[in-house]
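fold the stuff below for me.
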Amino acid sequence: MSLTSIAAEAGVDRRTVYRRFTNREEPLAAIYEARLSAIEQALADAHLREAPAAVALHRYVENIVAIDRTRPVDLARMLTDGDVRRRRDVCLAEVDAFLRRAAEEGLLRRDQPPMWAGSLLPELVNLAAQQLTHLSAGQAADVVVDTYLRGMSPQAT
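The predicted structure follows:
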């Protein structure tokens with residue numbers, strides 16, 4: 001991504017970006033920081049540790065769909081940055097702990113390979129963010145949660 005494309009995406013002249021940032025890495029770091037902060041806030045807002053599992057799942061999916069639509073940046077490009085990796089890993093651990101809780105409470109199947117539930121969910125969220133753009137984030141979350149639970153709930157067996 002060039003500074004010119006960053007400027008175009010932000011709706012400003014490229015000279016504005018060049019005045020604010022000295023190199024290509026600085027605006028990218030700011031973009032990644034904004035996405036990570038939004039994800040951290042989305043996790044907090046979903047109340048993954050204390051809300052009923054089905055409610056927390058829907059809140060989480062709705063929040064992440066909204067983030068994916070407004071901040072469509074792949075964090076993988078910044079994983080060489082230790083702080084970014086650490087923060088991302090904390091977010092992933094939070095979701096994994098929630099999914100374990102959801103399985104223990106009977107919302108999710110326990111007979112699937114380890115990490116399957118955690119690998120499937122972000123793929124569905126990503127598809128919804130990209131392909132269900134005619135739906136609100138809440139409506140897209142309805143589709144994702146329904147699809148996810150139809151395959152991952154104990155009743156699906």
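
which stretches of the chain form helices?
3-10, 14-20, 25-46, 53-70, 82-104, 116-131, 137-152 (DSSP state H).

can you lay out those helices as CSV showing mean pLDDT, mean neighbour count and distance to R110?
For every residue, glycine as well, the C-beta is placed using N, CA and C. CSV is the format used below for those (pLDDT from 0 to 100; neighbours: other Cβ atoms under 10 Å; distance: least, Cβ to Cβ, whole Å):
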stretch, mean pLDDT, mean neighbour count, distance to R110
helix 3-10, 69, 14, 43
helix 14-20, 76, 13, 49
helix 25-46, 87, 17, 22
helix 53-70, 96, 20, 14
helix 82-104, 91, 15, 5
helix 116-131, 93, 17, 9
helix 137-152, 94, 18, 10
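
list the contacts of the spatially most central residue of the chain.
Most central in the chain under Cα atoms, centre = their mean is I64, positioned 4.2 Å from the mean C-alpha point. Contact analysis of I64 by Cβ atoms under 8 Å, 6 or more residues apart in numbering lists I39, A42, P122, V125, A129.
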